[in-house]
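> could you look at this predicted model? Sequence included:
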Amino acid sequence: MVLGLGNPGDKYASTRHNAGAWALEEISKELSAPLRLRPRDEMATSEVDYLGSLVVLCFPQTFMNESGRVLSPIRKKYGSFEGSNILVIHDELDLDVGVVRVKSGGGLAGHNGLKSIAAHFGSNDFQRIRIGIGHPGDRNKVLNWVLSPPSKDDAELIRIGAKLAKDAALSLIGQGVEKTMGEFNARQS
C-alpha cells in the first residue's frame, strides 16, 4: 500500500503540501498504473503487480488532515495489513527543498496527515518517504507556506525529489526498508 499525501482539487495540486501526491503520480506513470477516482471511498487508487506483489497506489481525496479515513475502505477491500506494508509519501518542512529521506516508524513531526494515518491505523509503525519542502523560517507562516505553490526553482527541486521518492518507493517494495534507507538517505548527504 503506497499512500501519496496531499489535498485534492486543482486549487491545491501545485502546492508544497502535495509533494507526496506528486511522487505517487511518478510511481503511477512508471508502473503504467493510472489512478482511478473512487468518490464513494474518498480516494483515487490503482492496483498493479510489481515484482510479484500486489501494490495498491492511493491518493486520498480527503483533505490532508483527514488522510487516515481511507484506511477503513482499504481494509474492507484488502483485509488488515501490517505497518511494514504501508508506505506513506509526504512533504516535510524539516528537510531542505527536494531532499528525500526514507524512514521507518517514529515520530510524526507535527504533520497532520501522518497524525491522521497513525490515528486510523492505530500505530506510528509504518514506512515513510519524506520530501523536503523547506521551512518558511517562522512557524506562524507554516500554514500559508504549505498551502501555496513554491517558487519556480523550488518547484523544480520538489519535482526532482518526487522522482527520487518514486525510485525509493520502488526500492523499498523490492529490497526492503533497511537497504533502501541505507542507499537513499546517504545519497543526498
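Nice, thanks for sending it over. Residues are numbered from 1 along each chain as shown.
> so G20 touches L5, yeah?
Yes - with contacts counted by CB atoms under 8 Å, G20 reaches L5, the gap being 3.8 Å. The C-beta positions use only the backbone N, C-alpha and C, and glycine is treated the same way.
> what sits in contact with each of these two?
By CB atoms under 8 Å, 6 or more residues apart in numbering, G20 and L5 have these common neighbours: 88-91, 113.
> tell me the most packed of those residues, by neighbour count.
When neighbours are counted by other CB atoms under 10 Å, I89 leads the shared contacts of G20 and L5 with 30 neighbours.
> just checking, it touches V2?
Yes - using CB under 8 Å, I89 is in contact with V2, at 6.9 Å.
> coming back round to it: name the nearest of the shared contacts of G20 and L5 relative to K29.
I89 (14.3 Å; CB to CB).
> SS state for the closest one?
strand (DSSP: H, G, I helix; E, B strand; the rest coil).
> return the residues in contact with it.
For I89, the contact set (CB under 8 Å, 6+ apart) comprises 2-5, 19-20, 23-24, 128-129, 131, 165, 169.
> may I see the residues you listed organised as a markdown table, with pLDDT, neighbour count and distance to Y78 added?
Output for those, formatted as a markdown table (pLDDT from 0 to 100; neighbours: other CB atoms under 10 Å; distance: CB to CB, whole Å):
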| residue | pLDDT | neighbour count | distance to Y78 |
| --- | --- | --- | --- |
| V2 | 98 | 29 | 13 |
| L3 | 98 | 28 | 13 |
| G4 | 98 | 32 | 17 |
| L5 | 98 | 28 | 19 |
| A19 | 98 | 31 | 26 |
| G20 | 98 | 29 | 20 |
| A23 | 99 | 31 | 21 |
| L24 | 99 | 27 | 17 |
| R128 | 98 | 27 | 20 |
| I129 | 98 | 30 | 21 |
| I131 | 98 | 30 | 26 |
| A165 | 98 | 29 | 23 |
| A169 | 98 | 27 | 18 |
